Each structure stands twice: as C-alpha cells, then as structure tokens.
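[1] Have a look; sequence and predicted model below, questions after that.
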Amino acid sequence: MSNDVESNTVHRICPLCEAACGLEIKVSKHDIISIRGHEEDVFSHGYICPKGVSLKDLHNDPDRLRTPLLKRDGRFVPISWDEAFAEIERRLVPIVAQHGRNAVATVIGNPAAHKIGLLMYFPRLARALGSHNVFSASTLDQMPKQLASGLMFGTWTSVAVPDIERADFMLIIGANPMVSNGSLWTVPDFRGKARDMRARGGKIVVIDPRRSETASVADAHHFIRPGADVFLLLGLVHTLFDEGLIRLGRLEEFTNGVEQVRLAVQEFSPEKMAARCAIPAATIRELAQQLATAKHAAVYARIGTCTQEYGTLCSWLVDVLNVLTGNLDAEGGAMFPKAAAFAPNTIGKPGIGRGIVTARHHSRVSNAPEVMGELPITCLAEEIETPGSGQIKALISIAGNPVLSAPNGQRLSAALDDLDFMVSIDIYLNETTRHADLILPGSSPLEDLHYDIVFQQFSYRNHARYSEPVMPRAADHPPEWQILLRLAGIAMGRGAQVDVHQLDTELFGAELQRAIPAQADAVLAALAHLTGPERQIEFALRTGPYGDMFGQKPNGLNLAKVKAATGGIDLGAMQARIPEMLRTPSGKIELAPSMLIDDLKRVTSALDQAAPDMVIIGRRHVRSGNSWMHNLPILAKGPYRCTALVHPSDAERLGLSDGGMAKVINGQRELEVQIETSDEMMRGVVSLPHGWGHDLAGIQMAVASERAGVNLNALLDDSLRDPLSGNAVLSGVAVELRAC
Ligand SMILES: Nc1nc2c(c(=O)[nH]1)N[C@H]1C(S)=C(S)[C@@H](COP(=O)(O)OP(=O)(O)OC[C@H]3O[C@@H](n4cnc5c(=O)[nH]c(N)nc54)[C@H](O)[C@@H]3O)O[C@H]1N2
Ligand SMILES: Nc1nc2c(c(=O)[nH]1)N[C@H]1C(S)=C(S)[C@@H](COP(=O)(O)OP(=O)(O)OC[C@H]3O[C@@H](n4cnc5c(=O)[nH]c(N)nc54)[C@H](O)[C@@H]3O)O[C@H]1N2
Ligand code: SF4
Ligand SMILES: [Mo]
C-alpha cells in the first residue's frame, strides 16, 4: 500500500479490530480530511465500520497523551523523554537488584496485537526482563483456543477458520461477528459474506443466549444456557459416533485418537445433555446430522465459548467436530490460512515439530500453570498483594486496561497502588494508567507503519498488505518499538541512553544466528539498509512461504513488492495444508490430547448442576471497542448503550421496568444498572456490555466521563478460571437482579 503524497490520498490497514479493513484516508498537510473504505483493497474491498472513521477523532483527541507524564506528589506533570527513561532506570534497576527478576511484571493488552512495534518488540523486552510474571488480555479472551489448537496441531496460532466463501453450512457458537466483525477469524464484511452464502443456498445456525445481530441474519438460532456449550458440543460429537456419521476422509491417515474420543464421549448422549444446555436432544441430533451431511460445513466458536469454565474443552470440541465430519482442512470447511510472513506453521520443517509445552512454571500464590509463556491475568492482583520471595514490586503495563477489562478491578486498583513502581505505555490517562508513576505515550496508529503479523494467520483469504505512516510524528516522540527497546536496554543493564538501533541490530543478528547460522551474516548485511520492524518484515516476507528467498525465487514476494501494491497483494483462497502445517511431534492431528480427555471429569461431575435463577453475560456494540474507545465523539454519540438487557417476563417477575434502574448483585459486589427489556434475551439471562465504568477518580477522558456507564467486571470474580488455559470466566456468572 504505497502512499501517494501528491494527491494526499493514503491507505492504511485499520488497527481497531481484527477485520483489518483497508482504509482510504484523505489528508492535507497535518489534517485528516476523510476516512473511508478502500475500494481497491484486495482483502476488504471497501468495507468499513463506524470505528474505522473514528481514527480521525483518535488522532485529534485532545486527551490522547503526547508527552511522558511523571507523578509528583500525586499529580502528573509532563517531562521529556530522556528524563522519563532516566527515571525508569533509577527506579527499576534497584528493584531487580534487591528482589530479583520476577519482581518486575508486565501486562499487555489487546491493542498490542494491532500495533507492530508493540507486538514485535514486547518479546524482546520480556526476554530482557526474564520474569515469569507475564500477563496479558489473552487470558480474558482467546487463550483456550490457542491452547486447544496448540495441542491438536502443534503451534499456538494454528487456528482453523471458516472458509465462508465456499461453505454451505456454518454453525456459529458464542460469537457475534455482525457486531465484533469477527475474532480469530479475520473476515471484513461478515454481513455481505453471510448474505452471499445464503444466496447460494447455504445455511447459518447460531447458538447464543441472546438472539444476537448475527442470529438475526441466520437461518436458525437456539438459546443456550450460558456456560453450557461443552454439554452441547459433547452431545454433538456423541451423535456423530452414535449415528455412524464419522467421515474423516483425507484426514484419516493424519489423525491420532479417534477411538479415544469415541470412548470419552460415550456417556454424553444428547438426551442427557439436553436439560443441562437447554437445547432439546432432537435439535442436537439434527445439528449433528446437518454438519455431517452438508457438502461443506464449518463450526466456528468464539468469546462466549472461551470466557467460561470449560473454555479449552469447548475450543477443542469445535475442531473435533470439524475433523470428524471431514470438514477440517477441506474447502468450504474450517481451514488454515497460510500467512505470507511470521506464521509459526510455515517456519521450520514441514509436517512435524516439537508441539507446545505448558506448565514450565506456576504462579506463586494460586499455583496456576504457565500457558504460552503467560500466567492468568486474574492472578496479577494476588501476586502483588502477597508478600514473600517472588512478590511483584514493579509493573510495566502496555496498551492494557485491566482495571476495567479484568474481573474485580477494584482489587487490582488497590494492589497497583501498593507497587514500588509502575510504568504504563499507553495513549490515555485512564482507569489503569492513573496508578502509574510514569506514563509513556504510545503513538497514534496513523503515525505508525503497519504490517499484520497476527491477523493474516486467521484470515478468510491469504494476502499481504503494508501501510506506510499516514501522519508525521513529533520529532522527539519515539515509535513504540524504540520505547520497548529502551526499556529492554535498561533491563539488560545497558542504561537509559542505550543506542536503540545498535541494540536492535544485535538482537536481530542473534536471532538470525540461532535460526540460520550459516547465512546469518550475509542476511544481516543484505538487510543493513533497514531497521526496526521493517527489517524484520522484509526478512520474514522474503523467507516466507511466498518469498523471493533473497533472489532464488525471483517471482516471490519481498517488502518492496508489497509496498508497491496499492490495496495489497491477494494470495488466493485458503488451500488444504495438512500434513504440511502440522508441528506436532507425531506429525499427526492429536484429536485426543490427554490433558483434555482428563478434563472431562469436571464435566461429568457438573452434569446435574441446576441453572441459577439469573446469570449475567457480556455484549459488544459496533460503536465501542473494549474499554478505550468511549472518548471518541463520533462513536460516543447516540443512545446510552451500557444497559442491562433482560427478557420482559423476567422483568415482570422481578418487578423491573424498561428504562428503570435495578441492582445487579454478586455476593458483596453490586452495580446499579439501567434496565432494557427485550425478547432477544433468553429467560434467566441478563446481558451487560463490558469496558464501561469511566467514573473513577483521576482519569483524563472528558468525553468518556460524561457517560461513564458501569463496569460489568466489577461484579465478576477473579478466582474463576478455566484451569487448563487460565482464562477468566466472564460469562454465565450467577447474579441477583433487584429493582431499586
Ligand atoms: N466481562 C468481560 N470482560 C472482558 C471481555 C468480555 O467479553 N467480557 N472481553 C475481553 C477481551 S476479548 C479483551 S481482548 C480484553 C481487553 O483488555 P485490555 O487490552 O486490557 O483492554 P482494552 O480496553 O482493549 O484497553 C486497551 C488499552 O490500550 C490503550 N491503547 C489503545 N491504543 C493504543 C496504542 O496504540 N498504543 C498504546 N501504547 N496503548 C494503546 C488504551 O488506552 C487502553 O488503556 O477485555 C476483556 N474483558
Ligand atoms: N464493535 C466491537 N468489536 C469488537 C470488540 C468490541 O469491543 N466492540 N472487541 C474485539 C475483541 S477484543 C474480541 S475478542 C472480539 C470478540 O468477538 P465475538 O466473539 O464475536 O464477541 P461478542 O460480540 O462478544 O460475541 C459473543 C457472543 O457470545 C454470546 N455468549 C455469551 N455467553 C455465552 C455462552 O456461554 N455460550 C454461548 N454460546 N454464547 C455466549 C454473547 O451473547 C455474544 O452474542 O470482538 C472484537 N471486535
Ligand atoms: S470492521 Fe474493524 S477493521 Fe474494519 S473499519 Fe471497523 S474497526 Fe476497522
Ligand atoms: Mo479480545
């Protein structure tokens, strides 16, 4: 995506959600004139949502931080970048010297996945710090899917996504792509693609405790008791065996563990599961038959199935269904993208690998296992609070707002105030960063170059796109990759004045030495004209699956070619990749990993659990993004959105009125919410969006504060986790609703 300076029309991949739409941005000197969808984008073809347009408000937001802020006597004052790094060195280094490496924790949030500087350089900082205390939004989100995929296919990011352009049947569980625009499935314009699919005669079925926006464009919708997806999924797998519907097809010779799965699901007949998940046995059987007999079918599940007690089991069973019906890695089924760069399932020897390991260490207080190098974010507060060797004394927060995004933010807030030192790299003074001693401002996305590392690995179609920076950055404002490298330099004992370019070359060179010892020096020399992310992108593209191999394949990709292609380069529809993409030690799909089979004991023991009178679930809105987009005027306008949706019959039974106020109570915690009645809700379920509650003291978000909303997570428990992945339970929690 080259940026045509003359006409002042530039192109940028939108960083605000996983759909990664191509934007066309008109700029004059230092102003953004307009933002719209880029029609020529090979991947998104002009699609845009209201959030894409809000990048202008974000860039111009007067509350967006532009200089480092140091807390002095409880008030933030602006300081220079050099002063800021000197202060970090002065305060961080003695903490490590006195308390050891684990005393410094990091917590990194969702926007980092969309910011190449943060994503690429966080691992360098983490390595330099050498602490076990690494936390992220992944354990509020997709860790179960990554764990299940890793166990089955051998790498953490081998996530199969629906091939929507060729599918005939799609079962969507606990996801609302009409609003979220897709997650672990990069699919701009889901609405248009779903419409096309149905126009071809395809069918979409949605399983959700709320008749969601996605359910409203589907052929069928079934309510499910929140948190009970595992019972439905087990009933489906059981039916496939019971009714002789198993067809692995081509995957037969590449799959281990079919017989173990058969034995494991024997006890979970649909007739037994029906009451537990609130879906009739006949419906479960019919769904299994539809999946097995459709020509091309895919099961797709997301946040509703991850943020619950059985997150990893659900994520696993989704792909068990895809495998057993012959739809995994098949056209029109659930397929594996082949990203042009950075995909672990394209690196190293094809078809075999080391697989994944977990539990290399455990959290100190709750003994939670490490997964993907991280500990559960719900362990952060207790690790700060609990004295003893290994206690967290300092925290670096990066593009994360766990005070709102994670359960029991009140406890975390109090804990953050007990730290000896906290640094935040963020663009706002918000609910989390107000606790920092020092805030280093990140950049406006429009000031950064961009190449998607993560989302190409989950894309409905293969492609390569690059974005140049759209707007100039202030001369003294370092890009985020340099901020992280300077922190790494401090952690390595190289001092606040470390030469970031030299350190970058050193670390990149060392990586090359490990990866390709024989060619490392030559490659480093060939890339000497580049630094930072660009150098790594060039290397990854040229050595990637479509790469020019430094000239060996002259028609292959390199950075210059991708940059030159306005709208990016289309690399075609997904293609079958098994066995080549597997990285399990067996070289097979592991359909029955013992960790998962063993975990079924928990399901068996919960079979008879009665439904609570009322449970709470979350909700997303098109004009909102987690906790931090409520300060953008173009998104903030319109009706009040932080309402509690309940079914009219529940409202009547509990004496609640539409528009009236009610208390939501979970033990000692309670919120006052505005009720909105709607028959889109399942009875016994209340839905409240997360990411609100901007009424905490000391934040600097004028627009957001005007309509603060309430914080759903303030109700939830930080002790509830999926024990395998460490993911927080954010859905299906029992609450009491009482009129005020
Ligand atoms: N109850 C409930 N809770 C949930 C969820 C739910 O469904 N229900 N969803 C969960 C999910 S899926 C997620 S991903 C998490 C998100 O959890 P977090 O990542 O902790 O939360 P965000 O609200 O995305 O906060 C992002 C932070 O990054 C900052 N930021 C934004 N852009 C930039 C940038 O360019 N650079 C820098 N340095 N900082 C930036 C923002 O100011 C904000 O502080 O929330 C989770 N919480
Ligand atoms: N507009 C907007 N887009 C976003 C975000 C945003 O905040 N706003 N956040 C982004 C992020 S970080 C993520 S991770 C993705 C998430 O993307 P999605 O997974 O599509 O997330 P949601 O829109 O929350 O949809 C989850 C659905 O699960 C349902 N649900 C809740 N509990 C259960 C349950 O127990 N079982 C079942 N079957 N369903 C359940 C909810 O009613 C809801 O309809 O969205 C991304 N896109
Ligand atoms: S759908 Fe997502 S990527 Fe596309 S414009 Fe909206 S926020 Fe940006
Ligand atoms: Mo997320």
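    Everything's here; your move. Ligands and ions are numbered 1, 2, ... in the order given.
[2] any weak-confidence spans in the stretch 601-740 of the chain?
    The model of the stretch 601-740 of the chain has no residue with pLDDT under 70.
[3] residue ranges of the helices in it, please?
    Secondary structure of the stretch 601-740 of the chain (DSSP state H, counting those that start in this stretch): helices at 633-636, 648-654, 702-706.
[4] Which neighbouring elements make contact with the shortest one?
    Helix 633-636 is packed against helix 50-53, helix 55-60, helix 702-706, with contacts defined by 3 or more CB pairs under 8 Å, 6 or more residues apart in numbering; DSSP states H and E. C-beta here means a position set from N, CA and C on the backbone, and glycine is covered the same way.
[5] Figure out how far the longest one is from the centre of its chain.
    For helix 55-60, the gap between its own C-alpha mean and the chain's C-alpha mean amounts to 23 Å (CA atoms, centre = their mean, to the nearest Å).
[6] tell me what the helix or strand just after it is packed against?
    Sequence order places strand 69-72 as the next helix or strand after helix 55-60, per DSSP states H and E. When contacts are defined as 3+ CB pairs under 8 Å, 6+ apart, strand 69-72 packs onto strand 75-78, helix 81-99, strand 438-441.
[7] among those, which is nearest ligand 2?
    With CB to the nearest ligand atom, the closest approach to ligand 2 among the helices and strands packed on strand 69-72 belongs to strand 438-441: 21.9 Å.
[8] and the next element down the chain from the closest one?
    Defined by DSSP H and E, the subsequent element after strand 438-441 is strand 461-464.
[9] Reformat the helices and strands packed on helix 633-636 into a markdown table and put mean neighbour count and distance to L233 next to each item.
    Shown next, in a markdown table, are the helices and strands packed on helix 633-636 (neighbours: other CB atoms under 10 Å; distance: least, CB to CB, whole Å):
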| stretch | mean neighbour count | distance to L233 |
| --- | --- | --- |
| helix 50-53 | 20 | 32 |
| helix 55-60 | 19 | 38 |
| helix 702-706 | 16 | 38 |
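[10] could you redo those as JSON lines and give each row distance to H529?
    Listed next are the helices and strands packed on helix 633-636 as JSON lines, based on distance: least, CB to CB, whole Å:
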{"stretch": "helix 50-53", "distance to H529": "33"}
{"stretch": "helix 55-60", "distance to H529": "30"}
{"stretch": "helix 702-706", "distance to H529": "43"}
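[11] out of those helices, which comes closest to ligand 3?
    Closest among these, once you apply CB to the nearest ligand atom, is helix 50-53, at 2.7 Å.
[12] Can you list the helices and strands that that closest one packs against?
    For helix 50-53, the packing partners by 3+ CB pairs under 8 Å, 6+ apart come out as strand 31-37, helix 633-636.
[13] do you know which of the ones you listed lies nearest A343?
    strand 31-37 (26.5 Å; CB to CB).
[14] can you pull the buried residues of that closest one?
    Along strand 31-37, these residues count as buried under the neighbour rule (16 or more other CB atoms under 10 Å): 32, 35, 37.
[15] which helices and strands does it pack with?
    Right, strand 31-37 is packed against strand 22-28, helix 50-53, helix 55-60 by 3+ CB pairs under 8 Å, 6+ apart.
[16] Could you point out which of those sits nearest E385?
    Smallest distance to E385 across the helices and strands packed on strand 31-37 (CB to CB): 34.7 Å, for helix 55-60.
[17] Would you mind measuring from I392 to R721?
    Look at I392 and R721: by CB to CB, to the nearest Å, they are 18 Å apart.
[18] Of those two, which one has the most company?
    I392 (27 against 23; other CB atoms under 10 Å).
[19] who's in contact with that one?
    Neighbour list for I392: 102-105, 133, 380, 383-384, 419 [criterion: CB atoms under 8 Å, 6 or more residues apart in numbering].
[20] quick revisit: CSV please, covering the helices and strands packed on strand 31-37 and showing mean pLDDT.
    Converted to CSV, the helices and strands packed on strand 31-37 look like this (pLDDT from 0 to 100):
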stretch, mean pLDDT
strand 22-28, 95
helix 50-53, 96
helix 55-60, 97
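[21] CSV please, covering the ones you listed and showing distance to ligand 2.
    Output for the helices and strands packed on strand 31-37, formatted as CSV (distance: least, CB to the nearest ligand atom, whole Å):
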stretch, distance to ligand 2
strand 22-28, 16
helix 50-53, 6
helix 55-60, 14
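[22] nearest to A215, of those?
    Closest approach to A215 among those is made by helix 50-53 (21.3 Å; CB to CB).
[23] That closest one near ligand 1 at all?
    No: Helix 50-53 does not reach ligand 1 (CB under 6 Å from any ligand atom); its nearest approach is 12.3 Å.
[24] Equivalent analysis for stretch 299-317, please.
    Yes: counting by CB under 6 Å from any ligand atom, ligand 1 is contacted by stretch 299-317 at 303, 307.
[25] So which bits of this structure are right by ligand 2?
    Applying CB under 6 Å from any ligand atom, one finds that the chain approaches ligand 2 through 17, 110, 141, 173-177, 179-181, 183, 207-210, 212, 224, 226-227, 229, 302-305, 308, 617-618, 620-622, 624-626, 731-732.
[26] Inside helices: which ones of those residues?
    Counting by DSSP state H, the part of those found in helices is 177, 179-180, 229, 303-305.
[27] ok, how many other residues are close to the residue in the stretch 351-500 of the chain that ligand 1 sits nearest to?
    Going by CB to the nearest ligand atom, ligand 1 is nearest to G442 of the stretch 351-500 of the chain, at 2.6 Å. Other residues near G442 number 26, with proximity taken as other CB under 10 Å.
[28] Dump the C-alpha coordinates for stretch 66-78 into PDB.
    C-alpha atoms of stretch 66-78 as PDB (Å, rounded to 0.1, in the frame of the first residue of the first chain):
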ATOM      1  CA  ARG A  66       1.600  13.200  23.700                       C
ATOM      2  CA  THR A  67       4.400  13.700  26.300                       C
ATOM      3  CA  PRO A  68       5.600  11.500  29.100                       C
ATOM      4  CA  LEU A  69       3.900  12.200  32.400                       C
ATOM      5  CA  LEU A  70       5.500  11.700  35.800                       C
ATOM      6  CA  LYS A  71       3.500  11.500  39.000                       C
ATOM      7  CA  ARG A  72       4.800  14.000  41.500                       C
ATOM      8  CA  ASP A  73       3.000  14.400  44.800                       C
ATOM      9  CA  GLY A  74       0.000  12.600  43.400                       C
ATOM     10  CA  ARG A  75      -0.200  14.800  40.200                       C
ATOM     11  CA  PHE A  76       1.000  14.000  36.700                       C
ATOM     12  CA  VAL A  77       3.500  16.500  35.200                       C
ATOM     13  CA  PRO A  78       4.900  16.500  31.700                       C
END
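[29] Right, I'll leave it there.
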